[in-house]
Structures are given as C-alpha cells and as structure tokens.
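Structure, please.
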Amino acid sequence: MPSIPAPAKPIALVAPAAPAPTALQKALHKLGLKRDIDLALHLPLRYEDETRITRLADVRPGAGAADSVQIEAVVTDCQVMYRPRRQLVVTVDDGSDVCVLRFFNFYPSQQKALAAGQRIRARGELKGGFAGWQMLHPTCRSASGALPQALTPVYSTVAGLAQPTLRRVVLGALERVDLADTLPALALAENLPAPLWRLQEALWFLHHPKPDTALDELQDRSHPAWQRLKAEELLAQQLSQLQARRARNALRAPMLAAPAGKAGLKSQAQAHQQVPQPAPLHERLLAALPFQLTAAQRRVCAEIAHDLARQQPMHRLLQGDVGSGKTVVAALAAALCIQAGYQCALMAPTEILAQQHFGKLVDWLAPLGVQVAWLTGSQKTKQRREMLALVESGEAGLVIGTHAVIQDKVQFSNLALAIIDEQHRFGVAQRLALRGKASLRHSRHEGEPSPGRGRAGEGVSTEKQGEADAQREPHLLMMTATPIPRTLAMSYYADLDVSTIDELPPGRTPVVTKLVSDARRGEVIERIRTQVAQGRQVYWVCPLIEESEALDLTNATQTHAQLSAELAGVSIGLLHSRMPTAEKKAVMALFTSGAMAVLVSTTVIEVGVDVPKASLMVIEHAERFGLSQLHQLRGRVGRGAAASACVLLYSTGDASRLGDTARARLKTMVETTDGFEVARRDLQIRGPGEFLGARQSGDALLRFADLQTDSAWLEWARALAPQMLDAEPVMAQKHLDRWLGTKAAYLKA
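Now for the predicted structure:
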C-alpha cells in the first residue's frame with residue numbers, strides 16, 4: 001500500500017522545545033487525540049442547555065427530576081454541616097423562591113466561591129419536597145457575563161482532563177484546523193441520499209448547536225450536520241479499502257498453476273521417483289476423497305484456483321456456514337500450491353482445531369506423498385526441532401499449527417499460500433506476521449536454490465530468483481464460519497474477494513433447537529440417558545471452569561461431578577482450556593472414538609470438532625453466550641444421520657432474568673439454523689464494532705456511520721471512491737489523511 005504522509009503535528013499545547021509531553025497531552029493521547037483534526041472530530045456525547053435561566057417559581061414540583069435546569073440566584077447562607085454526614089449546605093434565593101444546594105464532596109475554594117452575597121448560576125436536577133427545592137452536587141459558576149448562545153458540549157474524557165479544559169482545547173483546534181472540502185464537485189451535485197452541509201459548517205454546529213435545535217435529531221444522528229460526517233467517514237473507508245486492493249494488485253505473488261505430472265516438492269519427487277504421476281496432486285486428491293464435492297464447493301474451488309494462477313496476490317475470504325465443508329476446499333488450494341513447488345501454511349486459533357485439521361489433511365494428503373508438518377506451543381523440544389527443520393528445508397509442503405506458525409524461529413523455504421481459519425479470532429499483527437513469512441527465504445538462503453521449485457523457478461538465475469523471492473507476496477485465503485452480512489462485506493471487507501459456500505453437504509441432519517428453563521434440568525438429564533442408551537453421544541457446554549464470585553453460574557467441574565453421579569455407568573469426560581495439552585488430547589480422542597458418551601466442556605469445542613455420533617448439544621446458561629458462539633456450538637451436532645437437537649438451558653433465577661438482548665439472541669436461535677440469517681440478526685443486535693471485535697478489525701474504522709441505517713450513504717461512497725481515486729488522487733489522499741491518519745496500516749491485513 002502506498003505510504004501515507006505523516007499526520008499533522010500534535011496540537012500546539014506544549015512549547016516545541018519541551019521533550020516530554022505534558023499531563024494535558026498525555027490525557028489527550030489516551031483519547032487518541034493527537035492532531036487538530038482528531039480534536040475536531042471528537043464530538044460531544046451530549047449537551048447541556050446553559051443558554052436560559054429558569055425561575056424557581058415557574059418550575060412545577062417533579063418537573064425538574066428528569067431534566068437539569070439552570071437557576072440564577074444570590075447565596076444567602078453557606079455552612080458546613082456534620083449531620084447526618086459532613087456536607088456543604090448552600091442556600092440561595094432567586095427572587096421567586098429559595099433552593100438548597102448540597103455538596104458531599106467539596107473543596108475550600110468551592111466553599112469560598114459560594115460565600116454569602118455571591119450571585120451564582122447553578123445547574124442540576126431540581127427536586128422538591130416538604131423541605132422545599134434542593135439540588136444535589138449542581139454545577140455552579142459566577143453569574144457574571146452573558147449567557148452562552150449555544151448548547152454546552154459534554155465530551156467523553158479521561159481522569160485528569162476536565163470538561164472546561166477539553167472544551168477550550170477542542171475550540172482551539174476548530175479554529176486552527178484546515179476543513180477545506182475534500183469532496184469533488186461531482187460528489188456534491190448528484191445522487192445524494194440527503195442534502196449535505198459543508199464540513200466546516202457541520203463540525204462547528206455539532207460542537208455548539210443552537211438552543212432551538214431538535215435534540216432528537218442530534219441524538220439519532222439524522223440531522224444534516226451528522227449526515228455530512230457519515231458521508232465523509234464512509235467515503236474515507238471505501239477509499240482506503242480500494243486503495244489497499246489496488247496496492248495489493250500491484251504486488252507479485254507466485255503463479256500456482258500446477259504443471260501436470262509433477263509432484264512438486266523435492267521430498268515428494270524422491271518418494272515417487274519410480275512411479276509415474278500422470279495426474280496433478282489436486283486431481284489425485286479429488287479422486288481419493290470418500291465423498292463428492294457439492295456444487296458450491298466446486299464453484300469456490302474454481303474461484304480460488306483462478307486467483308492462485310495469477311501474478312497478483314490472492315486476498316480472498318471463504319465464508320460458509322458451520323459444516324459446509326471449508327476444510328476440503330482449503331486442502332485442494334494447498335494441493336495446488338504444493339503441486340507448483342511451493343509451501344502452504346494453515347493457521348488455526350486453537351490447538352484442538354489445529355489438531356482436527358492436521359488429522360484430516362494428513363489422512364487426505366500423506367497417502368499422496370505430501371509431507372505435513374505440525375507446529376504448536378505445547379510441542380516437546382525434540383519434536384519441534386524436527387518440524388522446524390522440515391519447514392526450513394522445504395520438505396514439508398504443508399505446515400499446520402496455531403500461533404506457533406508465526407514465531408521468529410519458524411523459517412519457511414518458499415511459502416506461497418497462507419490459509420487462516422476462523423480469521424476473526426486472530427489479531428491484525430498475527431495475520432501480518434504470517435504473510436511476512438513469505439519474504440524470509442531470500443534473507444535466510446541467499447544464493448541457494450530452493451528445493452522443489454518446480455516450474456516457477458525454471459530458467460531463472462539464483463540471484464534473480466532470490467531477489468524475486470524477497471519481494472514476493474503470498475496468496476492469502478481467510479476462512480470463517482461466521483457469515484458476513486452484505487453491509488459488512490461492502491464496508492469492512494471491501495478490499496476482499498468473497499467466496500461463499502451456501503450449500504450444506506448431503507446427509508447433514510437439521511438440528512432442532514429447544515429453549516428450556518433450568519427448572520427442567522432433570523428432564524434434560526433423562527433425555528441424555530435415552531440418547532446414550534441408543535449409542536449416541538452428547539455435549540454439555542458450560543460458560544465457566546470454576547466458581548466465580550462475580551457470576552453465580554454452574555461451572556464445568558461441578559456439572560461434570562453432578563452428571564457423573566446422576567448418570568452412573570455412563571462414561572463422562574471433562575474438557576477445558578486449563579487442562580494440560582496431553583490430557584485434552586486424550587479426552588478428545590476418547591470422545592471422537594466413541595469410547596466416551598458425554599463430554600462436559602467449556603467453549604474450547606466451539607469450532608472444528610467433528611463427531612458424527614454426537615446428536616445432542618446442551619448449552620447451560622445459554623443467555624450468557626453470544627449469538628455467533630451459540631450457532632458455532634450448535635454446529636457440533638447434526639453431523640451424522642441421527643436426528644439431532646440443541647437444548648438452550650437458561651436460568652430463571654432473579655439474578656439472571658433475561659434482558660432484551662439475551663431474549664433476542666435465544667429467539668433467533670430457536671427460529672433459524674441459517675448461519676447467514678443468524679449473522680444478519682447478530683449485526684442488528686450488537687452492531688459492527690462488537691460483531692467484528694476490536695482485535696479483528698485492528699481498530700473500529702466507523703465511529704459515526706451506522707451500517708443498518710446508513711446503507712444509502714455506503715452505496716454512494718462505494719460508487720464515488722473509484723471515480724475519486726482516478727480523477728482526483730491528490731484530493732482522495734487528503735481525505736484519507738484527514739479521516740484515517742495512521743489507522744490505514746490495518747488495511748494491510
């Protein structure tokens with residue numbers, strides 16, 4: 001991606017010669033406010049109306065309890081009282097009635113400012129009663145000076161940064177900052193979803209709105225001033241995503257068009273020296289699979305193969321519902337890479353999921369002569385050293401593992417394809433680290449021929465090949481079982497090509513979801529007894545491992561003990577993240593083989609676990625889980641021919657009454673098993689920030705726009721971005737600098 005100019009200098013609050021930031025600068029930096037434009041875009045959370053004075057005689061009893069009012073009065077008495085507790089009690093008279101101001105926390109300077117005879121303005125919630133009017137901890141100031149002509153902004157802040165100081169700093173930034181238009185004339189002339197104010201006019205208004213402004217338009221962000229900011233923000237996002245896509249297309253990646261009849265890697269060729277290989281690796285893999293691909297799988301395989309055969313790096317998201325068969329698509333992509341003489345890495349977020357992938361891919365690829373390496377943090381030193389050697393030499397065509405794959409000691413010989421499963425579980429830095437592994441071969445092996453280079457390296461000198469390797473970019477395939485709603489795909493994933501597996505393999509049994517009160521826990525246990533008697537297996541998922549003082553929830557260890565007592569003679573296992581790796585593997589092996597009937601687990605089994613005989617999933621305290629997580633857990637059953645069910649146990653205790661959000665989640669789970677519909681409703685309930693998560697997106701790029709209500713502006717920005725980059729590149733870059741600053745680095749991931 002082209003380098004973005006450095007942000008403008010921080011606000012001029014500190015003398016240029018001072019090497020260390022002041023306390024004020026530190027506080028501002030905690031809020032992410034480093035440039036004048038950052039301060040200008042730090043919009044108020046709410047407003048206070050200090051433009052008018054209310055007479056006490058005009059306030060009806062009870063009217064001031066919900067809204068703050070401002071009075072102007074003379075202090076008639078000010079004293080410290082000690083009963084029932086120490087407090088400053090100030091009596092004021094506005095000429096129409098008397099009011100008592102109470103302060104339980106106060107300073108001597110405050111007491112002095114409220115001395116008898118002072119004329120003050122007090123703002124706060126006014127409460128009436130037998131003792132007359134009272135205000136508790138009102139905001140007070142001298143009555144000298146004219147009343148403000150605009151509403152007073154209240155900003156989000158941090159400790160040590162008072163509202164008056166922040167208001168002063170923001171006002172100074174607004175006066176200094178360059179708010180010249182960065183929207184071309186064509187953007188302001190046609191196809192506008194709503195009239196647009198000028199940016200300078202919009203920002204000044206939102207920081208200091210007139211008192212007669214409709215507050216509901218400010219709160220729901222429907223005011224024309226808000227519309228301008230939403231339009232600008234969405235345009236910046238679309239420009240940045242399009243710029244990232246174009247920059248990526250200018251890079252070069254290995255062309256992974258597999259030559260027919262070549263095994264690809266050196267070790268593979270040696271293993272089959274005497275055996276002719278008439279068909280490419282991916283075709284032999286297809287022939288060896290014990291099942292037929294669905295039409296959707298064939299379609300996405302063709303899309304990926306087309307990308308891999310090009311010089312531009314693939315940057316594709318493969319999305320599919322739980323159980324739709326993404327792993328075999330990844331295996332076929334890996335086969336194309338290995339066939340062409342390069343290495344492929346597959347990174348999964350948990351060791352259980354990585355182990356699941358390893359088991360499947362070894363079964364599929366090892367018989368075809370492919371060496372598969374395995375890397376996790378729990379490996380013994382000797383085994384890890386052996387795996388690292390296989391990776392560095394190039395003998396391992398496929399490398400599977402967890403975060404261990406991106407550690408410094410891992411050196412690939414010729415990585416050309418990186419596959420990231422459950423990509424939303426990885427941070428931006430982790431994804432960048434995996435992609436960065438592709439350029440390490442030149443620095444580690446300069447002057448050495450790459451083993452098994454295949455057609456990609458033929459006819460190229462070692463020196464030139466090394467130079468090409470140092471500059472090349474790997475192809476990137478990201479996979480997710482959490483489908484991405486259309487508005488998210490258009491915004492946060494606009495620089496990605498998206499492949500969708502929208503068809504489940506034949507034989508998958510629909511899962512019936514039941515919402516059950518924990519008062520009927522005994523009935524659920526009897527259902528388990530029946531399932532086990534029929535030779536089926538059961539998951540029981542709990543949200544916690546051990547007792548928590550904060551949450552009174554049944555935990556996994558306690559549930560395991562209870563079920564073991566109530567289901568005598570039934571093999572019941574326990575699985576959670578704090579168990580030693582060897583113990584976790586042993587438990588999963590027993591359950592996968594069918595030797596264990598019931599598995600009590602935390603959410604470590606959320607993804608990847610595939611046990612066809614498991615036909616019942618019980619999720620305890622289901623109201624505590626997110627919608628995507630519930631859908632992932634439900635996907636662990638229904639993988640065989642037996643009718644399957646998911647029981648959502650919810651608590652009926654007073655401390656756990658279902659809130660509106662939890663009720664909406666559980667209702668969605670009962671009403672649909674379609675992952676795309678689940679994702680759409682999840683976006684509605686949580687919004688894009690929580691749906692994506694701060695770690696996944698690097699940093700929330702949308703602060704003002706709402707993908708649910710501002711889809712028209714999103715469409716407008718999406719259409720304008722390519723025109724603006726082509727016709728007004730300087731203006732487009734200025735717009736990006738204003739809105740994103742250094743955040744654009746996240747787009748590289």
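
Helix or strand with the lowest mean pLDDT in this protein?
Lowest by mean pLDDT, DSSP states H and E among the helices and strands of the chain is helix 266-271, with a mean of 36.

Quick check: pLDDT value at the residue lying closest to G394 once chain neighbours are set aside.
Computed as Cβ to Cβ, 6 or more residues apart in numbering, the closest residue to G394 that is not its neighbour in sequence is S413, at 3.3 Å. Yep, even glycine has a C-beta here, placed from its N, CA and C like the rest. At S413 the predicted local confidence, pLDDT, stands at 90.

count of neighbours near S413?
One way to gauge burial is a neighbour count; for S413, by other Cβ atoms under 10 Å, it gives 25.

what about the residue nearest to V177 when sequence neighbours are not counted, neighbour count?
Taking Cβ to Cβ, 6+ apart, and ignoring the residues beside it in sequence, V177 has D36 as its nearest neighbour in space, at 4.0 Å. D36 sits with 24 neighbouring residues when counted by other Cβ under 10 Å.

Let's verify the closest residue to A309 other than its chain neighbours: helix, strand, or coil?
By the measure of Cβ to Cβ, 6+ apart, the closest residue to A309 outside its immediate chain neighbours is A257, 4.1 Å from it. Assigned with DSSP: H, G, I helix; E, B strand; the rest coil, A257 falls in the coil class.

which is the next helix or strand following the least confident helix or strand of the chain?
Later in the chain than helix 266-271, the nearest helix or strand by DSSP states H and E is helix 281-288.

any idea of the mean pLDDT in that following helix?
Over the span of helix 281-288, the pLDDT mean works out to 91.

Same question for stretch 213-220: list its buried residues.
Within stretch 213-220, the residues that qualify as buried are 213, 218, counting by 16 or more other Cβ atoms under 10 Å.

List of residues touching it?
Counting by Cβ atoms under 8 Å, 6 or more residues apart in numbering, the neighbours of stretch 213-220 from elsewhere in the structure are 47, 151, 206, 209, 223, 226.

Next, count neighbours for Q163.
Other residues near Q163 number 14, with proximity taken as other Cβ under 10 Å.

That one and V170 touch, don't they?
No: in this structure, Q163 is not within contact of V170 by Cβ atoms under 8 Å, at 10.3 Å.

Mutual contacts of these two, please.
In contact with both Q163 and V170: Y155, using Cβ under 8 Å, 6+ apart.

tell me, which helix in this protein spans the most residues?
For the chain, the helix reaching the highest residue count under DSSP state H is reported as helix 224-249.

And that helix, what does it pack against?
With contacts defined as 3 or more Cβ pairs under 8 Å, 6 or more residues apart in numbering; DSSP states H and E, the secondary structure elements packing on helix 224-249 are helix 199-207, helix 486-491, helix 711-727, helix 729-739.

Give the buried residues for that helix.
Applying a neighbour-count criterion of 16+ other Cβ under 10 Å, the buried positions in helix 224-249 are 225-245, 248.

Then stretch 482-499?
Using 16+ other Cβ under 10 Å as the burial criterion, the residues of stretch 482-499 that qualify are 482-485, 487-496, 498-499.

Between the residues you listed, which sits nearest Q632?
Minimum separation from Q632 among the buried residues of stretch 482-499 (Cβ to Cβ) is found for T482, which lies at 7.5 Å.

contacting residues for the residue nearest to the closest one when sequence neighbours are not counted?
Spatially, and ignoring its direct neighbours in sequence, T482 is nearest to S628 (5.0 Å; Cβ to Cβ, 6+ apart). S628 is in contact with 482, 678-679, 682, 691, counting by Cβ under 8 Å, 6+ apart.

neighbours around A187, how many?
Considering only other Cβ under 10 Å, A187 is surrounded by 21 other residues.

What of M596?
Around M596 sit 20 other residues, with neighbours defined as other Cβ under 10 Å.

do the same with L289
Per other Cβ under 10 Å, the neighbour tally for L289 reads 12.

Check V730 too.
When neighbours are counted by other Cβ under 10 Å, V730 registers 8.

what about stretch 627-634, distance to the chain center?
16 Å (Cα atoms, centre = their mean, to the nearest Å).

actually stretch 715-732, not the one I wrote
Its chain's C-alpha centre lies 27 Å from the corresponding centre of stretch 715-732 when counted by Cα atoms, centre = their mean.

In that stretch, which residues are buried?
Neighbour-count burial for stretch 715-732 [16+ other Cβ under 10 Å]: 716-718, 720-721, 724-725, 728, 731-732.

can you put those residues in TSV and add distance to L504?
Output for the buried residues of stretch 715-732, formatted as TSV (distance: Cβ to Cβ, whole Å):
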residue	distance to L504
W716	36
A717	35
R718	31
L720	39
A721	36
M724	41
L725	40
E728	46
M731	47
A732	43
